[in-house]
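> After the sequence you'll find the predicted model.
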Amino acid sequence: KRLKGANGVEDCMMALGVMFDVLMTLCKVMAPFTPYLTELMYQNLNKCISKEQSSVHWELYPDSEKRQKAEERIQKSVGRMQKVIELVRIMRDRKGRPTRLPLKEMTIVHADEEYLTDLMGALKVYLSEELNVRTILSSTDVAKYAVAKAEPDWGTLGKRLGKAMGLVAKGIKNLDAGAISEFQSKGEITIEGHVLKEGDMKILREFRVPEGVNPEEIDAEGDGEVLVILDLKLDKDLLMAGTARQVVNRVQKLRKKAGLEPSDKIEFYYKILESGDGLDDVFTKQDDYFVGAINTTPKPASERQAHSVTIASEDCDLGEGFKFTAIIARPAVVPQMKVLSEVAGGNTETADNLAVWLASLDLDRYKSAEADAKVKVNLDGTEYCLQAGTHFKWNNI
């Protein structure tokens, strides 16, 4: 989506730039091992820039330390995002909520405001897209959502404390929220005469289910540093959105099977075989999502024009009683018969002939035509000027 400009021109250019950099770096790294393949890739990539070097084998090998250090702040932020994504996926798997099913809300809890700023800034849109969660909230009030518990790091302390480990471990487990908070702020604490520092014990967050909330409709997961709370409650709108995502997946697979390019425009028609519980609503109430995903809205097969050319069709079973036939067709002109009849002075035959002529138009010749463009045709000695949007539509997309 980013490469197609879904988030704006600036983001699209950034995504393309990053991809270019990755591919160019890959060429340089792999050149000693696959010299011919990387040379071919390099020559193609090099057309995008102006450089004197004419071969990847003349380029310096990338300095990994320099590249890592230059982007240390970004890498830290992305690492935090990846951790949150991992925690949410664990919860989805545990609760049987596949990624294709959108969820209403999640809350990221961390005591450090900087940590949350990283995630709630430019990275927020990527979190939402990757996790398929509609609303992402954040909070620094850890005590509101969880109870802090301390656990000793047996591997580290056992070797150092020996027989005293039992007493110290008991003291660690008995630490209250105030003592844990003080340890986190100061970085050390004394227990049974032993000074413990970061790494000697782990701080865990035990999620507290809010009052009045069904435990089956909420879940939380943490790694000792960040806590992520996921609202698992489903409503009809979320279920419809999940089904719409499945429909798009089937359409995209059908496009691929038909050998279409991503830029090829299509019209998408459907014929319901088994409606289940609201398949009609999925096709009629998720227009925005369908337009964003496949650049068209679904139409019933009954709305197809007689001259519409089928590219591919397939029966689809989405489970839960949802079965339909997916039909992708080439864009076809849609004559507005009522208006054409008025233009023809009520002569049905003339209106039909005008519709046939419109249906015969080669749309490839009119790719750059305006939505309200005009076309002229001479029929039986009479010239007709037909306007797009009034007398016909360029397609049924």
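It's in.
> okay, CA-based contacts and neighbour counts for the rest of this
Will do.
> pretty sure residue 300 is touching residue 270, no?
Yes: distance between residue 300 and residue 270: 5.1 Å, which falls inside the contact criterion (CA atoms under 8 Å).
> These two - which one has more neighbours?
More neighbours sit around residue 270 than around the other of residue 300 and residue 270, counting by other CA atoms under 10 Å; the figures are 21 against 16.
> Now the more buried one, what are its backbone angles?
Here the main-chain torsion angles of residue 270 (degrees, to the nearest 10) amount to phi -140, psi 150.
> which residues does it contact?
Going by CA atoms under 8 Å, 6 or more residues apart in numbering, residue 270 touches 298-301, 324-327.
> And those residues, which is closest to residue 227?
Closest approach to residue 227 among those (CA to CA): residue 298, at 40.2 Å.
> returning to that earlier point: okay if I get the contacts of residue 270 as a markdown table plus secondary structure and pLDDT?
Compiled in a markdown table, these are given as follows (DSSP: H, G, I helix; E, B strand; the rest coil; pLDDT from 0 to 100):
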| residue | secondary structure | pLDDT |
| --- | --- | --- |
| 298 | coil | 92 |
| 299 | strand | 92 |
| 300 | strand | 92 |
| 301 | helix | 91 |
| 324 | strand | 92 |
| 325 | strand | 94 |
| 326 | strand | 94 |
| 327 | strand | 94 |
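> Could you single out the nearest of those to residue 261?
Proximity of the contacts of residue 270 to residue 261 (CA to CA) peaks at residue 327, which lies at 16.8 Å.
> and the closest residue to that closest one other than its chain neighbours, how far is that from residue 330?
Computed as CA to CA, 6 or more residues apart in numbering, the closest residue to residue 327 that is not its neighbour in sequence is residue 313, at 4.3 Å. Taking CA to CA, to the nearest Å as the criterion, residue 313 is separated from residue 330 by 12 Å.
> biggest strand in the chain by residues?
With DSSP state E applied, the strand covering the greatest number of residues in the chain is identified as strand 310-319.
> For that strand, name the packing helices and strands.
Counting contacts by 3 or more CA pairs under 8 Å, 6 or more residues apart in numbering; DSSP states H and E, the secondary-structure elements packed against strand 310-319 are helix 236-257, strand 322-329.
> so which of the ones you listed is the most packed in?
Among the helices and strands packed on strand 310-319, judged by mean count of other CA atoms under 10 Å, the one packed with the most neighbours on average is strand 322-329 (a mean of 20).
> packing partners for that strand?
Contact analysis of strand 322-329 by 3+ CA pairs under 8 Å, 6+ apart lists helix 236-257, strand 267-274, strand 310-319 as its packing neighbours.
> how about a cut-off of 6 Å?
When contacts are defined as 3 or more CA pairs under 6 Å, 6 or more residues apart in numbering; DSSP states H and E, strand 322-329 packs onto strand 267-274, strand 310-319.
> Can I take it that residue 202 is in a helix?
No: under the criterion used here (DSSP: H, G, I helix; E, B strand; the rest coil), residue 202 is strand, not part of a helix.
> From residue 188, how far off is it?
Between residue 202 and residue 188 the computed distance is 12 Å (CA to CA).
> for residue 304, same thing?
In this structure, residue 304 and residue 188 are 73 Å apart, going by CA to CA.
> And residue 171, by the same measure?
Residue 171 is 14 Å from residue 188, by CA to CA.
> And for residue 236?
In this structure, residue 236 lies at 50 Å from residue 188, with CA to CA as the measure.
> and if you look at residue 248?
Distance from residue 248 to residue 188, counting by CA to CA: 54 Å.
> just to revisit the earlier point, redo the helices and strands packed on strand 310-319 as a markdown table? Include distance to residue 211.
Compiled in a markdown table, those are given as follows (distance: least, CA to CA, whole Å):
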| stretch | distance to residue 211 |
| --- | --- |
| helix 236-257 | 24 |
| strand 322-329 | 37 |
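> how about the strand or helix carrying residue 159: buried residues?
If you go by DSSP states H and E, residue 159 is part of helix 154-161. Judged by neighbour count (16 or more other CA atoms under 10 Å), helix 154-161 contains these buried residues: 157-158.
> Kindly report the same for stretch 11-18.
Of the residues in stretch 11-18, those scored as buried under the neighbour-count criterion (16+ other CA under 10 Å) are 12, 15.
> With stretch 194-211 instead?
Result for stretch 194-211 [16+ other CA under 10 Å]: buried residues 196, 200-207.
> Point to the residue nearest the middle of the chain.
Among the residues of the chain, residue 129 comes closest to the average C-alpha position under CA atoms, centre = their mean, at 3.4 Å.
> for the stretch 1-150 of the chain, what spans make up the strands?
Across the stretch 1-150 of the chain, reading from the start of the chain, the strands by DSSP state E, counting those that start in this stretch fall at 103-109, 133-139, 146-152.
> For the ones you listed, which has the smallest mean pLDDT value?
Confidence, taken as mean pLDDT, is least for strand 146-152 of the strands of the stretch 1-150 of the chain (a mean of 83).
> Can you give the strand pairings for that one, parallel or anti for each?
Paired strands of strand 146-152, with direction, are strand 201-207 (antiparallel) (DSSP bridges).
> and the next element down the chain from the partner strand?
Moving toward the C-terminus from strand 201-207, the next helix or strand (DSSP H and E) is strand 218-222.
> buried set for that next one?
Along strand 218-222, these residues count as buried under the neighbour rule (16+ other CA under 10 Å): 218-222.
> bridging residues for residue 382?
Residues found in beta-bridge contact with residue 382 (criterion: DSSP bridges) are residue 379.
> cool, and residue 106?
Each beta-bridge partner of residue 106 is listed here: residue 136, residue 230, as defined by DSSP bridges.
> Residue 167 - nearest residue in space that isn't next to it in sequence?
residue 192 (7.1 Å).
> Just to check, residue 300 is in contact with residue 269?
Yes: taking CA atoms under 6 Å as the contact criterion, residue 300 and residue 269 are neighbours in contact, 5.4 Å apart.
> Report the buried residues of stretch 310-324.
Of the residues in stretch 310-324, 311-313, 316-317, 322-324 count as buried by neighbour count, 16+ other CA under 10 Å.
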